[in-house]
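> A predicted structure for the sequence below; I have some questions about it.
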Amino acid sequence: MAEDLHIAEGTKEEKYRLLLPQLKGLLQDETDWVANLANAAAALKETFGFFWVGFYRVVGDELVLGPFQGPLACTRIRKGRGVCGTAWAEGRTVLVPDVDAFPGHIACSSQSRSEVVVPLRKADGGVWGVLDIDSNRVADFDEVDVKYLEEIACLLTTYH
Ligand code: SME
């Protein structure tokens, strides 16, 4: 396993393009999904310096906090609540340019200004968790992030 993460110096897209094969290499050598989510959170945090990167897993009728990088976070989120619970309930990526404009946003930190949440889907379409990324800047995420984060979500399910 290569422990050194190489980070592209160019655009966001170039950073994702270099990150993806490295992440795949990391994940395919390890079968433990907690280890894989932990390294995925670390790789995203190290590459982009996001304020908070982490996972919530579906446990019964709630999302429960999983591996993450960043400040302390709320541990349980109900289906349909907040950005994470909405992404789970609707089975789709939710991009929030300004968290203050999202009704029901759950503020784990007052420093979080924008957010993107990508569901982790099983082959049958059921959601087993979500990838949640927060930025301390408004409108920090766009369609480039969505495209590559959805690819990363697929990778994580393959090696789940
Ligand atoms: N803001 C999220 C809660 C999780 S934290 O951002 C880590 C939400 O509204 O679902």
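Nice, thanks for sending it over. Numbering: from 1, shown residues only.

> When you work out contacts or count neighbours from here on, use the C-alpha atoms and nothing else.
Will do.

> beta partners of the most centrally placed residue in the chain?
Most central in the chain under CA atoms, centre = their mean is Leu131, positioned 2.6 Å from the mean C-alpha point. Beta-bridge partners recorded for Leu131 (DSSP bridges): Phe55, Val118.

> contacting residues for it?
When contacts are counted by CA atoms under 8 Å, 6 or more residues apart in numbering, Leu131 is found next to Val53, Gly54, Phe55, Tyr56, Val117, Val118, Pro119, Leu120, Ala153.

> Can you pull out the low-pLDDT segments for the protein?
Residues of the chain meeting the criterion pLDDT under 70: 1-2.

> Around the ligand, pick out the residues from it.
Taking CA under 6 Å from any ligand atom as the contact definition, the chain meets the ligand at Ala73, Gly82, Val83, Cys84, Gly85, His105, Ile106, Ala107, Cys108, Asp134.

> so the fifth one touches Ile77, yeah?
Yes - in this structure Gly85 lies within contact range of Ile77 using CA atoms under 8 Å: 6.4 Å.

> Okay, strands next: where are they in the protein?
For the chain, the strands defined by DSSP state E occupy 52-59, 62-69, 76-78, 94-96, 114-121, 127-135.

> what about the last one, distance to the chain center?
Computed by CA atoms, centre = their mean, to the nearest Å, the chain-centroid distance of strand 127-135 equals 4 Å.

> so it versus strand 62-69, what angle?
Counting by axes from the mean of the first three to the mean of the last three CA atoms, to 10 degrees, strand 127-135 lies at 50 degrees to strand 62-69.

> Please point out which parts of strand 127-135 sit buried.
Neighbour-count burial for strand 127-135, with 16 or more other CA atoms under 10 Å as criterion, is recorded at Val127, Trp128, Gly129, Val130, Leu131, Asp132, Ile133, Asp134, Ser135.

> Could you check the angle it makes with strand 114-121?
160 degrees.

> can I get the CA coordinates of strand 127-135 in CSV?
Output for strand 127-135, consisting of C-alpha atoms alone and laid out as CSV, is shown next (Å, rounded to 0.1, in the frame of the first residue of the first chain):
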residue,chain,number,x,y,z
VAL,A,127,-28.4,3.7,0.8
TRP,A,128,-26.0,2.3,3.4
GLY,A,129,-24.4,5.7,4.3
VAL,A,130,-23.5,9.2,3.2
LEU,A,131,-20.3,11.1,2.5
ASP,A,132,-20.6,14.6,4.0
ILE,A,133,-18.2,17.4,3.2
ASP,A,134,-18.4,20.9,4.8
SER,A,135,-16.6,24.0,3.9
